[in-house]
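Participant: Take this sequence and fold it.
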Amino acid sequence: MRTRHRCAAFSAVVLASSLGVLAVTGPAHADPAASLVEDGVYPGAAAILAEQNVRLLSGDGHIVIADCATPPSGDFGVLKVYTTDETIGADGIGRVCFKVTAAAGWLNLEVPGVYEIRGDGQRAGTGHEVTAELTTEAGDEITVDVDPDGSTQVGLGADPNNPPTILLQLRAGDGPAAVTGAQPAVGKLVTDGKSCTATLIAGSWALTAGACFAPNSGQGTLVVGPPAGEAHLVLPGKAPIAITRLVPRTDRDVVLAKLAGAVTDVAALHLSSTTPAVGAVLSSIGYSRTATAWTSDTQQTAGTTVAAVAATTLSGTFSGPVCKGAAGGPVLNADGDIVAIQTESGQAGCFDTAAGTTAVTGTRLDDLATWAAEQTAVPTSLSFLAPRDEGDGWGGFRSIALGDINGDGYADLAGLNDDGHLYIYPSRGAIVDGGASFWAARDGGDGWGGFRSIALGNLDGGSDADLVGLNDNGHLYIYPSKGVIADEGSSFWAPRDDGDGWGGFRSIALGNLDGGTDADLIGLNNDGHLYIYPGKGFINDDGPSFWAARDQGDGWDGVVSVALGDLDGGTDADLAARDTDGRLSLYPGKGTIEDMDTSFWAPRDQGAGWGGFRSVALGDIDGDGNADVAALDSDGHLYLYPGKGLIYEH
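Facilitator: Presented below is the predicted three-dimensional model:
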């Protein structure tokens, strides 16, 4: 027995009919247009409470209350919970039973006075691996591993002096259960306490309804970034894949979900660019309730006849039930392309629904094909070679910079970590396909938690890069390089405070913009302007190390971050800018610093797909004279794009 905090429950689905379980019945309900998000609320819980004095709260349908007389199925019977309260259960002895219907599942409940739990195994070495979470009268939370083929004593059963315990959760296995279906690109979306359907539309991206992630099935609070809780996609025949990033629409209930890894052996479905006509018959897929079961791990299909097409939705009637769990499921045209996703229905014929209607509402996607393609595009650029994956393990970094810290001619990487440390990775002088382009990290110490952005560049005309840090206190600090990368301790001298007034900047970069020997600084300001601060050629101990700002004009509101580096083999730095649409643009440097937007030539579009990077840096990692790109992915991977030495238009 061990004490621990309760953990958040996964949700998943399973076909629960024909298992001999006690039917979950109760007051049926269905709104005329009810959400298709499976919220996990236990069906018929009020009736079960009245009949058996057992309070069932929520679950994923894999662990359900059952008649204790249910005959075994092979080596599996029912899980038996014994209590000191004889009013609990249906047989008058204080016993209530549960059926585990899949390898993984969970059920939240409240059963007081529990003293023994009997596993469902029918002989030695059989039965489900189940954990039970309980609490005592004093509020101590306890987790026990239930003996799969025997009895486990808890509370009073383990020691007559123990206080009574309340059973709070039963959990089988680990994570979402497996799913099946004829369409390999359509999977079960599993979030904390909810389940929906999602479709693979690119190697690392799935599309579903925003309501599957938002609190209370509302989409308004969704923002670009990681999901609020754990979320996984389970495709047929595949292990669960974590979801690391969300890109929602603001005009409709649609969200793109970035996967932790690419699915390379499943053909993604395509979004249609043709609006369905009134009267068209479409097909839909979803992991949903059926007519007789709470949940299903098998794809359910239905037909939809279009009755009306609005600006962002289409409506019609369905044949075959469209039930909870189908939210986000694809609605396909005759060519097999996605025209919409399912969001609401009248849920006639669905489990726990007495009446209902056959009305169904979907969210249109036929006008989002371009948007989805831009967001899910694999970041490529004609100005760079194909990316090299440096591996994962970079998830804790929020800002990276490239610069030659030790003066050996190769750009090293500095990373600002969420643990408050600065880590330096010396370059090996080559970009290695498959990782290991840098030596092991040197810990530059803590005390960096207050910095939002860092940059590396040669500020004093030497051969080694100094570090500039933008602090949350509104100050800019300069750390002169020692010319070596220390194995322990700082590789930089004590910081010089370059003054306050930097609170409005969200991204900075260093680079030689005017062909001199010292780096200049650019700052992306929240006022929509880009400012250039020419370097003085020395680091001032007291006062600014840069000349007054040159305003490059407004129109930079849509840019989220900037970087500087010599991309075309010249003597002056070029500018890389990422915008809110996930596009990367390169601005060739003119070799001079002027006021009002004259220091760079017109931008060259490098294409979409760069929005998933939290930080991008430029620097010559392999010493060939051309700046390379280091990009920190939201999945925790670092990608290196070797520079070609030329700036191309996309």
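Participant: Show me where the protein has its helices.
Facilitator: Here the chain has its helices, by DSSP state H, at 45-52, 369-376.
Participant: Go through those helices and pick out the most buried.
Facilitator: helix 369-376 (a mean of 18; mean count of other CB atoms under 10 Å). Every C-beta, even on glycine, is put in place using the N, C-alpha and C of the backbone.
Participant: what about it, distance to the chain center?
Facilitator: 18 Å (CA atoms, centre = their mean, to the nearest Å).
Participant: Dump it to CSV, keeping only the CA atoms.
Facilitator: The C-alpha trace of helix 369-376 is given here as CSV (Å, rounded to 0.1, in the frame of the first residue of the first chain):
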residue,chain,number,x,y,z
ALA,A,369,-7.9,23.9,-46.8
THR,A,370,-5.3,26.7,-47.4
TRP,A,371,-5.2,27.6,-43.7
ALA,A,372,-4.7,24.0,-42.6
ALA,A,373,-2.0,23.4,-45.3
GLU,A,374,-0.1,26.5,-44.1
GLN,A,375,-0.3,25.5,-40.4
THR,A,376,0.7,21.9,-41.0
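Participant: and that helix, what other elements does it pack with?
Facilitator: strand 194-202, strand 205-208, strand 255-259 (3 or more CB pairs under 8 Å, 6 or more residues apart in numbering; DSSP states H and E).
Participant: Partner strands of the second one, with direction?
Facilitator: Which is strand 205-208. strand 194-202 (antiparallel), strand 255-259 (antiparallel) (DSSP bridges).
Participant: coming back round to it: of the helices and strands packed on helix 369-376, give the one that comes closest to Y531.
Facilitator: Checking those against Y531 by CB to CB gives strand 255-259 as the closest, at 32.6 Å.
Participant: Give me the mean pLDDT for that closest one.
Facilitator: The average of the pLDDT scores along strand 255-259 is 94.
Participant: likewise stretch 358-378?
Facilitator: 91.
Participant: Okay, now it: how far is its last residue from its first?
Facilitator: Its first and final residues considered, stretch 358-378 spans 40 Å by CA to CA, to the nearest Å.
Participant: Also stretch 382-401?
Facilitator: Note: stretch 382-401 ends 22 Å apart using CA to CA.
Participant: what's the spacing between it and its chain's center?
Facilitator: With CA atoms, centre = their mean, you get 18 Å for stretch 382-401.
Participant: buried set for it?
Facilitator: 383-385, 387-388, 390, 394-395, 397-401 (16 or more other CB atoms under 10 Å).
Participant: Out of the helices and strands packed on helix 369-376, which is closest to Q552?
Facilitator: The nearest among the helices and strands packed on helix 369-376, by CB to CB, is strand 255-259 at 32.3 Å.
Participant: Now that closest one - C-alpha only, PDB.
Facilitator: The C-alpha coordinates for strand 255-259 follow below in PDB (Å, rounded to 0.1, in the frame of the first residue of the first chain):
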ATOM      1  CA  VAL A 255      -8.600  23.100 -33.800                       C
ATOM      2  CA  LEU A 256      -5.400  21.600 -35.200                       C
ATOM      3  CA  ALA A 257      -3.500  19.300 -32.800                       C
ATOM      4  CA  LYS A 258       0.300  18.800 -33.200                       C
ATOM      5  CA  LEU A 259       1.500  15.300 -32.400                       C
END
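Participant: Provide the angle between the direction of that strand and the direction of helix 369-376.
Facilitator: 30 degrees (axes from the mean of the first three to the mean of the last three CA atoms, to 10 degrees).
Participant: Turn the helices and strands packed on helix 369-376 into CSV, columns for distance to A354 and mean neighbour count.
Facilitator: CSV is the format used below for those (distance: least, CB to CB, whole Å; neighbours: other CB atoms under 10 Å):
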stretch, distance to A354, mean neighbour count
strand 194-202, 23, 27
strand 205-208, 29, 27
strand 255-259, 32, 24
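Participant: how about JSON lines for these, with distance to P426 added?
Facilitator: JSON lines is the format used below for the helices and strands packed on helix 369-376 (distance: least, CB to CB, whole Å):
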{"stretch": "strand 194-202", "distance to P426": "35"}
{"stretch": "strand 205-208", "distance to P426": "35"}
{"stretch": "strand 255-259", "distance to P426": "31"}
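Participant: just so I know, which of those lies nearest H62?
Facilitator: Closest among the helices and strands packed on helix 369-376, once you apply CB to CB, is strand 194-202, at 10.9 Å.
Participant: Just the CA trace of that closest one, in PDB.
Facilitator: Coordinates of each C-alpha in strand 194-202 appear next as PDB, following Å, rounded to 0.1, in the frame of the first residue of the first chain:
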ATOM      1  CA  LYS A 194     -13.400  13.700 -22.400                       C
ATOM      2  CA  SER A 195     -13.200  11.800 -25.600                       C
ATOM      3  CA  CYS A 196     -13.800  12.800 -29.200                       C
ATOM      4  CA  THR A 197     -12.700  11.800 -32.700                       C
ATOM      5  CA  ALA A 198      -9.800  13.300 -34.700                       C
ATOM      6  CA  THR A 199      -8.400  12.900 -38.100                       C
ATOM      7  CA  LEU A 200      -4.800  12.800 -39.300                       C
ATOM      8  CA  ILE A 201      -4.400  15.400 -42.000                       C
ATOM      9  CA  ALA A 202      -0.600  15.600 -42.100                       C
END
